[in-house]
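> here is the input, now give the coordinates:
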Amino acid sequence: MLRQLHSLRKKLHEIAEARGSLTDPAVLAISEEADQLIVALQQIQREEIAVSSMKREENT
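Coordinates of the predicted model:
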C-alpha cells in the first residue's frame, strides 16, 4: 500500500505539472484516490495499535 501511495504521489505531481493546475479533473481524481489510500492506511495503523495495546494489557 505504501508503494501504491508513493506511485500515486509521483503521478499526481507529474499530471499537475503537465496540466498546470491543481484543480484539473485528472489531478483531483488522483488526489482523491490517494486520500482514500491514506485513510485505509490510517485505519490499519489504528487497528495495529489497538491490538498491540490489548496484548500489553494481557501481559500485565
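> give me the most central residue, the protein.
With distances taken as Cα atoms, centre = their mean, the residue of the chain nearest its centroid is Ile38 (2.1 Å).
> is it true that it touches Leu5?
Yes. Ile38 is within contact range of Leu5, at 6.8 Å (criterion: Cβ atoms under 8 Å). For every residue, glycine as well, the C-beta is placed using N, CA and C.
> any shared contact partners between those two?
By Cβ atoms under 8 Å, 6 or more residues apart in numbering, Ile38 and Leu5 have no common neighbours.
> now do the strands in the chain.
In the chain, no strands are found when defined by DSSP state E.
> the longest helix along the chain: how far from the chain's middle?
Using DSSP state H, we find that the single longest helix of the chain is helix 25-58. For helix 25-58, the gap between its own C-alpha mean and the chain's C-alpha mean amounts to 7 Å (Cα atoms, centre = their mean, to the nearest Å).
> go on, stretch 52-60?
Worked out by Cα atoms, centre = their mean, stretch 52-60 lies 28 Å from the chain centre.
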